[in-house]
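K.L.:
Coordinates for the following, if possible.
(one chain, ligands or ions: 2)
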Amino acid sequence: MKLLKKQLKPFVNKLSRIIDERDIITDQNTIGPHLIDWVGNFHGNSPLMITPRNKEQISQIAKLCSNENIAIVPQGGNTGSVAAGIPNGEIILSLKKMNKIIEINPNDYTITVQSGCILSQIQEAAKNASRFFPLSIGSEGSCTIGGNISTNAGGISVLKYGNMRDLVLGIEVVLADGRILNSLKRLRKDNTGYAIKHIFMGAEGTLGIITAASLRLFPKIENKVTGFASLKDLDSAIKLLEILKEFSGDLLTSYELIPAIGLHIATEYGDNITEPLKNREQWNVIIEFSDTKNNNNAHDILQESLQHSITQGIVLDAVIANSISQTNNIWKIRKAIVEHQPKLGGEIKHDVSVPISSVPEFIQTTIEKLREYIPNIRPVPYGHIGDGNIHFNVCPPIDYPEQLFKDKTSDIREIVYSNVNSLGGSFAAEHGVGIIKKKQMLKYKDKVELEIMKDIKALLDPKNIINPGKIL
Ligand code: 2HG
Ligand code: ZN
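P.N.:
Ligands and ions are numbered 1, 2, ... in the order given. The predicted model follows:
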């Protein structure tokens, strides 16, 4: 399964009949960055990385690996946080050289791309054609669309446009035995039996190597309005969400929870960030409206809904950004929380979801349970609560010994995940399972679902050569 040292040379010889020698990398300095996941808590190893340039090459590589029993880890931008793209002795198949936009069809509102395209490259191509590709995540300047599809990425626009799988019309995949599944259709309706394309989305590269995809585009956004509101309490977060939806129809694109500790992180460690409101309150939200029309509509409706919420006592104070720099300042708060949170003496990440109406109860009760376990512990629950997704990251009390906190990781995880489970939630909302959450998979995933997943894996990859040891 792993490529042993003694196998390296003869295997490289065989590979060089399929791909250019420039695309075969054994230098460990070059491979190094591909062995560490974004969070940095998982270090892998691999003797070899290959960077093929087309699906035919990948097909031949898969056949070779299948014959030789050598496992492959597909890798995109390596921006995941559950180590799904990190090898453990297997070879890395990087898709970074498959980065062409194949075609864009503005009239059909579709774009067809190779899987190594960077997300921002696709956003840009759509914009240049007066269209909009809505997936938006922190790593959009370096993550690849193949990785986004493989992990069914979420982000800040799911509220309106759905997860990655909702944006995929067709897909092209190289299977473990080298067959190429060609379903790059650009259809909105295609009821021809099982939706096979969907099993590769969220499969984290365990069922095949995605080489291209056809994606949905939307009308170009002409006008974005960003607001920041402080809330009376956590329950008000859901009440305000309702009001915003009711007042605006479908203008609401983002609704992100920012706790007071998030504002502390942003202003303390972020780059020149100012507090948006005079008084720092415990619970706050970032609100974004997007409009395809270039007029004052979005601004006026946001203002009206915030005024109404203040009268109702739901919102304590609010501001609507009236310049690009004010807008940037608000979104910089959001980014700074992700980046600087580890500076509070370490962090334990949990990417979870519960039904939207259960968000306040989940956050409150989890905080209480964590405080019973370690008084003064500092939870930082934030993020995409508009779709029930909370990044429930946990930091230690001030001056708490770092190692002692790390040693408590599995207890803390258990407190968070069991509370998620009791509210009918998911222990993996948008980041996937990878290696990091395999234990929870066994504990919380429906047994029959798990059996079917194993059956599908055995059917498509009987020799277990595509990303072995991940998810299952
Ligand atoms: C985000 O929403 C990312 O910014 C990362 O999903 C969240 O791990 C995190 O803290
Ligand atoms: Zn997120």
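K.L.:
use CA for all of it now, contacts and neighbours both
P.N.:
Fine.
K.L.:
Quick one: distance of the helix or strand containing residue 302 to the chain centre.
P.N.:
Using DSSP states H and E, residue 302 sits within helix 297-311. Taking the mean of its C-alpha atoms, helix 297-311 sits 31 Å from the chain's own mean (C-alpha atoms, centre = their mean, to the nearest Å).
K.L.:
Which secondary structure elements does that helix sit against?
P.N.:
When contacts are defined as 3 or more C-alpha pairs under 8 Å, 6 or more residues apart in numbering; DSSP states H and E, helix 297-311 sits against strand 223-231, helix 235-248, strand 283-291, strand 315-320.
K.L.:
Which stretch among those approaches residue 171 most closely?
P.N.:
strand 283-291 (28.5 Å; C-alpha to C-alpha).
K.L.:
Run a quick neighbour tally on the residue of the chain found nearest ligand 1.
P.N.:
Closest approach between the chain and ligand 1, counting by C-alpha to the nearest ligand atom: residue 338, at 4.9 Å. Using other C-alpha atoms under 10 Å, residue 338 has 17 other residues around it.
K.L.:
The stretch 351-472 of the chain against ligand 1: which residues are in contact?
P.N.:
Counting by C-alpha under 6 Å from any ligand atom, the stretch 351-472 of the chain comes close to ligand 1 at 383, 391.
K.L.:
Likewise for the chain?
P.N.:
The chain comes close to ligand 1 at residues 138, 155, 338, 349, 383, 391, as judged by C-alpha under 6 Å from any ligand atom.
K.L.:
which residues does the last one bridge with?
P.N.:
Note on residue 391: beta-bridge partners residue 351, residue 382, judged by DSSP bridges.
K.L.:
check contacts around it.
P.N.:
Residue 391 makes contact with 349, 350, 351, 352, 380, 381, 382, 383, 384, according to C-alpha atoms under 8 Å, 6 or more residues apart in numbering.
K.L.:
confidence score at the residue of the chain closest to ligand 1?
P.N.:
Here the pLDDT value assigned to residue 338 is 96.
K.L.:
what does residue 370 give?
P.N.:
98.
K.L.:
Would you agree it is in contact with residue 411?
P.N.:
No: contact criterion C-alpha atoms under 8 Å: residue 370 and residue 411 do not qualify, at 9.6 Å.
K.L.:
So for those two, which residue has more residues nearby?
P.N.:
When neighbours are counted by other C-alpha under 10 Å, residue 370 and residue 411 differ, and residue 370 comes out ahead with 20 against 12.
K.L.:
Give me the most central residue, this protein.
P.N.:
What sits nearest the mean C-alpha location of the chain, by C-alpha atoms, centre = their mean, is residue 153, with 3.8 Å.
K.L.:
Before we go further, that one is sitting in a strand, right?
P.N.:
No: per DSSP: H, G, I helix; E, B strand; the rest coil, residue 153 lies outside any strand segment and is coil.
K.L.:
Okay, it and residue 334: tell me how far apart.
P.N.:
Distance, residue 153 to residue 334, by C-alpha to C-alpha, to the nearest Å: 18 Å.
K.L.:
got it, and residue 63?
P.N.:
The gap separating residue 63 from residue 334 is 45 Å, by C-alpha to C-alpha.
K.L.:
of those two, who's got more company?
P.N.:
Taking neighbours as other C-alpha under 10 Å, residue 63 and residue 334 compare with residue 334 leading, 23 against 17.
K.L.:
Which strands or helices does the top helix by length along the chain pack on?
P.N.:
Determined from DSSP state H, the single longest helix within the chain is helix 324-340. The helices and strands touching helix 324-340, judged by 3+ C-alpha pairs under 8 Å, 6+ apart, are strand 223-231, helix 260-269.
K.L.:
Any idea which of these gets closest to residue 304?
P.N.:
Evaluated over those, closeness to residue 304 peaks at strand 223-231, with 12.1 Å, by C-alpha to C-alpha.
K.L.:
contact partners of the closest one?
P.N.:
Contact with strand 223-231 is made by 237, 276-277, 280-295, 298-299, 302, 314-321, 327, 330, as judged by C-alpha under 8 Å, 6+ apart.
K.L.:
Repeat that for stretch 39-47.
P.N.:
3, 5, 8, 26, 28, 31, 35-37, 80-81, 83, 86-92.
K.L.:
change it to 7 Å
P.N.:
Contact with stretch 39-47 is made by 26, 35, 36, 81, 83, 86, 87, 88, 89, 90, 91, as judged by C-alpha atoms under 7 Å, 6 or more residues apart in numbering.
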